[in-house]
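*Asks:* sequence first, predicted coordinates after that:
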Protein chains: 2
Amino acid sequence: MKALILAGGRGTRFWPLSRELYPKQLLRLGDGKETLLQQTVTRLSPVVKPGDISVITNNRLKVDVKSQLSEVSGGQTEIILEPAPRNTAPAVGLGAVYMEHARPGSVMAVLPSDHLIREKDKFHAALKKAEKLAKEGYLVVFGIKPDRPETGYGYIKTGAPITAGAFKVEQFVEKPDLKTAGEYAQSSRYLWNSGMFVWKAESILDEIKLHMPPLYKSLKKIWGAIGTGKEQAVLAGEFGKITPLSIDYGVMERSRKAVVVPVDFTWSDLGSWRAIEEIFQKDKGGNVVIGNVVNIGCRDTTFYAEERLIAGIGLEGVVVVDTPDATLVCRKEEAQKVKDVVSLLKEKGAEEYIIHKTVRRPWGSYTVMQTGPMYKIKRIEVNPGAKLSHQLHHHRSEHWIVVAGTALVTNGERRYNVHVNESTFIPMSTKHRLENPGKVSLQIIEVQNGEYLEEDDIVRFDDDYGR
Amino acid sequence: MKALILAGGRGTRFWPLSRELYPKQLLRLGDGKETLLQQTVTRLSPVVKPGDISVITNNRLKVDVKSQLSEVSGGQTEIILEPAPRNTAPAVGLGAVYMEHARPGSVMAVLPSDHLIREKDKFHAALKKAEKLAKEGYLVVFGIKPDRPETGYGYIKTGAPITAGAFKVEQFVEKPDLKTAGEYAQSSRYLWNSGMFVWKAESILDEIKLHMPPLYKSLKKIWGAIGTGKEQAVLAGEFGKITPLSIDYGVMERSRKAVVVPVDFTWSDLGSWRAIEEIFQKDKGGNVVIGNVVNIGCRDTTFYAEERLIAGIGLEGVVVVDTPDATLVCRKEEAQKVKDVVSLLKEKGAEEYIIHKTVRRPWGSYTVMQTGPMYKIKRIEVNPGAKLSHQLHHHRSEHWIVVAGTALVTNGERRYNVHVNESTFIPMSTKHRLENPGKVSLQIIEVQNGEYLEEDDIVRFDDDYGR
């Protein structure tokens, strides 16, 4: 069995923790130290090995996705890049094409990368049951048994039983109002649409051919180009033309082969800040408190303090999220409107929409500490053994002061070590490289000076990460 | 006429904007660019000249108070330091002793440094009326005509008229409940106790002698020591013994000479974040918005964003205050509980209680940008023409990188300029000095390295500010 993990999502709903360039799937939400993407991979491991998993994402998230995957699957997991965001049907089709090409007859699970699942054993059992049905040609979707009247999810109405624990899909149902959701929760015939699927790659491609002929035509062309010099060009060309559509709308709602397997593991799509309560323990007042928080008489309130102190007084039903450059204070009932904030910031071109102050890189991370006229101050952290690219900047010089670890610096023709409490200066237009030759993290303070201080003033000569 | 401004308050109620070392009177709250303390001085100027004003504060606030006063009164305003906080009666008594000593028979106004007053003309007229009464031996307090049932203020009940627009005080009344406050607002006999007084220094000292004999005894000893070598020692010794008490409780409520002058200028004691609405314009939704804020459907909410972005969604009746190291989110009705946050932080010894990330100094300011193991990063801003003290540190070395302006550096025996984009290194235990010889602000980034990085590792050899 193979798996395709969808990891191209933009994840605006957990702003300011998530950003356009750091969406929800990359966040450490949940019980342990793994990100949601990493949890999705490790959760599969008893049933699908890392080498049988493909993760589909986009170019902008590639570096972070790759770096996270290397931590849990040692680089065995393949990454597929979609040239443009086209919703799930084209992504699923593309994944199916690659899988069918690599090993015809493959059964594939299709899984979002940003959901929470508890009780892994039940999840594994459900995968195995679904695999059998997939081999018979069915398109399987997992339906979660509702434990509450939830208006935030789509529902699946079960039809005739196919076998023990599997039903024909009678109907996909849009998000209901509260009254209807209450009726659904009472009935045994309505299940939450989990967005998790299992099918043969061949079966889903056949159904795409039937219900989405233009997409199928594009996929065929891409298939024909696999392994040739034209592969990337064809992929980009076809994705440029494809109409965005979800696999639910495009195929599942129309297919006569759709079946649902009811499952009862704990699941959440983490659709908004409200869902944080499903992950973390509440205190007696119903509050979830993460980070440095002083709480005076708040109830039913969620605090998420990344670095600084939050003091809450007398709040009820509020979410407070504090990050180094932005603070969200939101009435829980309106948590979905976080996307309106994100839209507004996007319109304004505000940085707080795109990136965090701390930006992860394959070699470590940097944090912009301050930007002023003609200068910018960064803290740079380089992992043991890692190195930045050999590069130069045309518009800025850089002062480096080592505050932890030892740096190996290439500065023009010279190559020398800089130790704690030592500094060095990289003049403008000088080829340079920063390396951490040691066993502990290297931390330097960089003060940039120049007329233009953006990230794109960089000429790379050599890079361990192929950038 | 002279004036004594009380500026020793700790101002916990505007946390996190105010801190123990930066209380409310030092904040730029109000219409213009002046701080509350500065407004208090300039507001007096047509009636009391800067040279006739004394400001009483404590040693910890001295540098900031002095620097703020120099901006509005060119150093003419005298500063009296209380050796220990003992509430208002001892502070007022001390101020009266100095005034009576300097010019016997002086009339003095006693004014808090952290109140808001509009309609200055009415204020000036009230001062002049009060001066006449003071000369007749009365202790005058200004009573504000209530425009709403306010439960946050103490009241004064007027007695028999003394002259046009002045009444005997019949009674000082504690903060009432809402029903009683409503009755007071209807009646013409109840006024808010403004905490602003006018009297002859001699009169208040006589009344202290009558109603607070132990305090009078201490004041007499201090008086006797003025101008002698023992002055500071006697002052410290006596203040060590004095029991804290307010001038209201200690004298005004007991004195038969207390009269009230009703005034109707706009006044607020800025007792909590709620009062911010009295200063700033509200938008259509009843919100006060200061700084970088995205507001999605909030009503009756106050946003105060110092540097970073605040996004508010669906809030009602909330105050959100964001500072570089702490965020407050508070239901308006419970704004008084900010002091509980401050108490908790004080118990924990949390820095967020004591200082801001940016600390003002007589020569400029510094901001702690980051503290790590063995290192600390500061941004230092030196005013044109200003210099830090000639100093050394036993436990740290310092890297300085100039990002704006030109620095004149004394480094051991050497003295040299450091220009933009140049750096220099001050080794441990080396005498050094940083000066801004130029006409524009000097900004440097300082990276400190060492085992001990606190402010008290400093040996000063020469200082323009007498520290």
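*Replies:* Done, it's in.

*Asks:* what kind of secondary structure is the nearest residue to A:His124 once chain neighbours are set aside in?
*Replies:* Closest residue to A:His124 apart from its sequence neighbours, by Cβ to Cβ, 6 or more residues apart in numbering or on different chains: A:Val47 at 5.1 Å. Backbone N, C-alpha and C define where each C-beta goes, glycine included. Secondary structure, DSSP: H, G, I helix; E, B strand; the rest coil: A:Val47 is coil.

*Asks:* can you map out the strands along the stretch 1-150 of chain A?
*Replies:* A:2-6, A:53-58, A:78-82, A:107-112, A:116-117, A:139-144 (DSSP state E, counting those that start in this stretch).

*Asks:* adjacent strands (with direction) for the first one?
*Replies:* Strand A:2-6 has these partner strands in its sheet, going by DSSP bridges: strand A:53-58 (parallel), strand A:107-112 (parallel).

*Asks:* just the angle for the last one relative to strand A:139-144, thanks.
*Replies:* Using axes from the mean of the first three to the mean of the last three Cα atoms, to 10 degrees, the interaxial angle of strand A:107-112 with respect to strand A:139-144 works out to 40 degrees.

*Asks:* tell me the mean pLDDT over strand A:107-112?
*Replies:* Mean pLDDT, strand A:107-112: 98.

*Asks:* and stretch A:81-95, by the same measure?
*Replies:* For stretch A:81-95, the mean per-residue pLDDT is 96.

*Asks:* returning to that earlier point: which of the strands paired with strand A:2-6 sits most buried?
*Replies:* strand A:107-112 (a mean of 25; mean count of other Cβ atoms under 10 Å in any protein chain shown).

*Asks:* what's in contact with that strand?
*Replies:* A:1-6, A:9, A:40, A:44, A:48, A:92, A:95-96, A:99, A:127, A:130-131, A:134-135, A:195-201, A:204, A:247, A:269 (Cβ atoms under 8 Å, 6 or more residues apart in numbering or on different chains).

*Asks:* just give me how far that strand sits from the chain centre.
*Replies:* 16 Å (Cα atoms, centre = their mean, to the nearest Å).

*Asks:* how about stretch A:171-189?
*Replies:* 29 Å.

*Asks:* now do stretch A:193-210
*Replies:* That offset, for stretch A:193-210, works out to 22 Å (Cα atoms, centre = their mean).

*Asks:* how far does that stretch stretch from start to finish?
*Replies:* 23 Å (Cα to Cα, to the nearest Å).

*Asks:* give me the neighbour count for A:Gly105.
*Replies:* By the criterion of other Cβ atoms under 10 Å in any protein chain shown, A:Gly105 has 10 neighbours.

*Asks:* what sits against it?
*Replies:* A:200, A:202.

*Asks:* quick one: it and chain B, what's the gap?
*Replies:* Between A:Gly105 and chain B the computed distance is 50 Å (Cβ to the nearest Cβ, to the nearest Å).

*Asks:* just checking: what are the partner strands of the lengthiest strand in chain A?
*Replies:* Using DSSP state E to define each element, chain A has its longest strand at strand A:190-200. Strand A:190-200 pairs in its sheet with strand A:107-112 (antiparallel), strand A:139-144 (antiparallel), strand A:155-163 (antiparallel), by DSSP bridges.

*Asks:* how does chain A divide into domains?
*Replies:* Per automatic domain parsing, the structural domains of chain A span A:2-268, A:273-342, A:358-462.

*Asks:* ok, which of those comes nearest B:Pro83?
*Replies:* domain A:273-342 (32.1 Å; Cβ to Cβ).

*Asks:* next one: that closest one to chain centre, how far?
*Replies:* The answer for domain A:273-342 is 22 Å, by Cα atoms, centre = their mean.

*Asks:* A:Thr301 against A:Val319, yeah?
*Replies:* Yes: applying Cβ atoms under 8 Å as the test, A:Thr301 and A:Val319 come out as touching, 7.3 Å apart.

*Asks:* picking that back up, out of the strands paired with strand A:2-6, nearest to A:Gly224?
*Replies:* Closest approach to A:Gly224 among those is made by strand A:53-58 (19.6 Å; Cβ to Cβ).
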